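# need a structure here:
(one chain, ligands or ions: 4)
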Amino acid sequence: HAAEAQRTDLMTITRHVLNEQGRHPESRGDFTILLSHIVLGCKFVASAVNKAGLAKLIGLAGDTNGEEQKKLDVLSNEVFVKALVSSGRTCVLVSEENEEAIIVDAPLRGNHEFDKIMVTVSSHQKLHGYCVCFDPLDGSSNIDCGVSIGTIFGIYMIKDKDNVTLDDVLQPGTDMLAAGYCMYGSSCTLVLSTGNGVNGFTLDPSLGEFILTHPNIKIPNRGKIYSVNEGNAKNWDAPTAKFVEKCKFPQDGSPSKSLRYIGSMVADVHRTLLYGGIFLYPADQKSPNGKLRVLYEVFPMSFLMEQAGGQAFTGKQRALELVPRKIHDRSPIFLGSYDDVEDIKALYASES
Ligand code: AHG
Ligand code: MN
Ligand code: MN
Ligand code: MN
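Ligands and ions are numbered 1, 2, ... in the order given. Next comes the predicted model:
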């Protein structure tokens, strides 16, 4: 009977977020509306990814964002920009695929009528809006061979939506309200945290709904896997090189770790979150700030790892305490199981 009740008690992502937002009496459903538009974008990209090979969506788009842009990169970006702007809840957007931040036209930054009423009722309440930083398609190099790819997003509150400046965007990750990713793989999984732990939802294509399948995800304190592009080994600094050496030749007689590297951050992070272990994209002599971008790759994944009981480190500091200077700033990143990250922190501490 319980199983029957379970099956008919569909916990969709929208219902789950409404329950969570219910804890914030002042919330007016704005966040839930914003999230429903992000979910719509993910559903669209999921269907485009599934048809990519058939719909001639693979191959190069011909323009670049500093790297070669794939057709799916460009398409996904357009879908998310349009979905976010049409939500009527965003003030500014930062996308990997747009050189400049997108300042949303004032009328679309929030339903003024409702806000006006709210302002008369509680004038202390600033008219807030949201900033969304996102990587519409992560793991582009894996599109053409059908390997898992994803979308990554982080959500900030903008203090005063009528005066939006870039400073609103260049905030430390500790100011983030929510973060998540959607992985387009054998199944379509959306992992989300709004600051009360991490939950995973799987798309049921027959319903077109994301259903709660991984409640309250906690990352194991230590894992047996390390995940890094060993091809960069000749350029690593000493602490990173020593850490990877210890993974392969442990001195304390423990078994060697396994190497798993998919090359899509979303897939490597998702496996790390569920199985434990450590994902690293270190600095190297060629790229002293590593490759991954702070606002829409490092911060959202670091937020999720901390919410799941893990941690995220840049080689110098707690990743979420970074303050980006420019919207496409990069940072080295070591994230995953708490104890595994402690090991790399000790190596960097002993070096400095
Ligand atoms: P994107 O496709 O959004 O540009 O991101 C690719 C990133 C990330 O997904 C992955 O972890 C990393 O690039 C892989 O880089 P290498 O191929 O240098 O290992
Ligand atoms: Mn890219
Ligand atoms: Mn990416
Ligand atoms: Mn990308």
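# And the helices in the chain?
Using DSSP state H, the helices found in the chain span residues 2-8, 13-21, 30-51, 71-86, 112-121, 238-248, 265-275, 299-307, 338-351.
# Up against ligand 4, what does the stretch 1-150 of the chain have?
96, 135, 137, 138 (C-beta under 5 Å from the ion). For the C-beta atoms, the positions are set from N, CA and C on the backbone; glycine is no exception.
# How about the residues of the stretch 201-350 of the chain by ligand 1?
229, 263, 264, 265, 281, 291 (C-beta under 6 Å from any ligand atom).
# Now do stretch 145-165, average pLDDT.
On average, the pLDDT along stretch 145-165 is 91.
# which of the residues in it are buried?
Residues 148-158, 161, 164 are the ones in stretch 145-165 that count as buried (16 or more other C-beta atoms under 10 Å).
# any idea which of the residues of the stretch 1-150 of the chain next to ligand 4 is the one closest to residue 169?
Within those, the smallest distance to residue 169 is 13.7 Å, found for residue 96 (C-beta to C-beta).
# from what I can see the closest one touches residue 293, true?
Yes: using C-beta atoms under 8 Å, residue 96 makes contact with residue 293 at a distance of 6.3 Å.
# shared neighbours of these two, which are they?
Contact with both residue 96 and residue 293 is made by residues 135, 328, according to C-beta atoms under 8 Å, 6 or more residues apart in numbering.
# sorry, back to before: using neighbour counts, trim the residues of the stretch 201-350 of the chain next to ligand 1 to the buried set.
By 16+ other C-beta under 10 Å, those give 264, 265, 281, 291 as buried.
# Serialize those to a markdown table and add fields for pLDDT and distance to residue 131.
Formatted as a markdown table, those follow (pLDDT from 0 to 100; distance: C-beta to C-beta, whole Å):
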| residue | pLDDT | distance to residue 131 |
| --- | --- | --- |
| 264 | 98 | 25 |
| 265 | 98 | 21 |
| 281 | 98 | 24 |
| 291 | 97 | 23 |
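# give me the subset of those touching ligand 3.
Applying C-beta under 5 Å from the ion to these, none is adjacent to ligand 3.
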